[in-house]
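Visitor: After the sequence you'll find the predicted model.
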Amino acid sequence: MKYDAYIDFSREALLEKIAGAMSEKRFRHVLGVEETSLELAARYATDPVKTSLAALLHDYAKEQTDSVFLDLIDRYQLDPDLKHWGNNVWHGVVGRYLITEHFGLTDEEILTAIARHTVGAGEMTLLDKVLYVADYIEPGRDFPGVDTARAIAKEDLDKAVAYETARTVEHLAHKGIPIYPQTIETYNGYVGYL
């Protein structure tokens, strides 16, 4: 696959840089998300090159230190409330800026999909939904309900977003963990598809 319309990296160079930024386990997850994203892209007609790039880069910032994210929040003058959240929110919402710095990627559709891949949004593009769902159902995932999520993803992408978001909200509420406001917006925006 050629990415030259978006970044100045060959696939080989891109994979090498991504692998160098994360653990082997995380890299396997990234490859699984790309595989699943491309399957969903074929089913729902999203651009395969943009889909591949979004999938490969979605967790690029996942293993960065908190100080990297806090610095990015300050440098890009992002909402200061972001400082009250953690890596689960930061690696997408804030990580997109690190990806632009390290890869020269400026395509807004790809960067937005990366920013939304864990928190979603009340309204999402097709690429947003493909990455959001693929991250949840990639082959390495093994938890109660994942097979149901995989089956739903083959039938209806909006319903898959709704199912995943409802399970995520339920899980976080059960654990007593604060829920990022945008995740609640995603739930409200998609729950009608269940």
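Guide: Everything's here; your move. Residues are numbered from 1 along each chain as shown.
Visitor: Go ahead and flag the most central residue of this protein.
Guide: H117 (2.5 Å; CA atoms, centre = their mean).
Visitor: give me every residue that touches it.
Guide: Going by CB atoms under 8 Å, 6 or more residues apart in numbering, H117 touches A54, H58, G92, D128, L131, Y132, D135. Where C-beta positions appear, they are placed from N, C-alpha and C, glycine not excepted.
Visitor: So which of those residues belong to helices?
Guide: If you go by DSSP state H, those have A54, G92, D128, L131, Y132, D135 in helices.
Visitor: what's the host helix or strand of R28 packed up against?
Guide: For R28, the enclosing helix or strand under DSSP states H and E is helix 24-44. Judged by 3 or more CB pairs under 8 Å, 6 or more residues apart in numbering; DSSP states H and E, helix 24-44 is in contact with helix 11-20, helix 48-57, helix 126-137.
Visitor: Format those as a markdown table; extra columns: mean neighbour count, distance to T186 and mean pLDDT.
Guide: Listed next are the helices and strands packed on helix 24-44 as a markdown table, based on neighbours: other CB atoms under 10 Å; distance: least, CB to CB, whole Å; pLDDT from 0 to 100:
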| stretch | mean neighbour count | distance to T186 | mean pLDDT |
| --- | --- | --- | --- |
| helix 11-20 | 14 | 26 | 98 |
| helix 48-57 | 24 | 17 | 98 |
| helix 126-137 | 25 | 8 | 98 |
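Visitor: Let's have those helices in CSV, adding distance to F27.
Guide: What follows is the helices and strands packed on helix 24-44, written out as CSV (distance: least, CB to CB, whole Å):
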stretch, distance to F27
helix 11-20, 5
helix 48-57, 10
helix 126-137, 14
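Visitor: closest one to L111 among these?
Guide: L111 lies closest, by CB to CB, to one member of these: helix 48-57, at 8.5 Å.
Visitor: Report the angle between the closest one and helix 24-44.
Guide: Calculated by axes from the mean of the first three to the mean of the last three CA atoms, to 10 degrees, helix 48-57 forms an angle of 160 degrees with helix 24-44.
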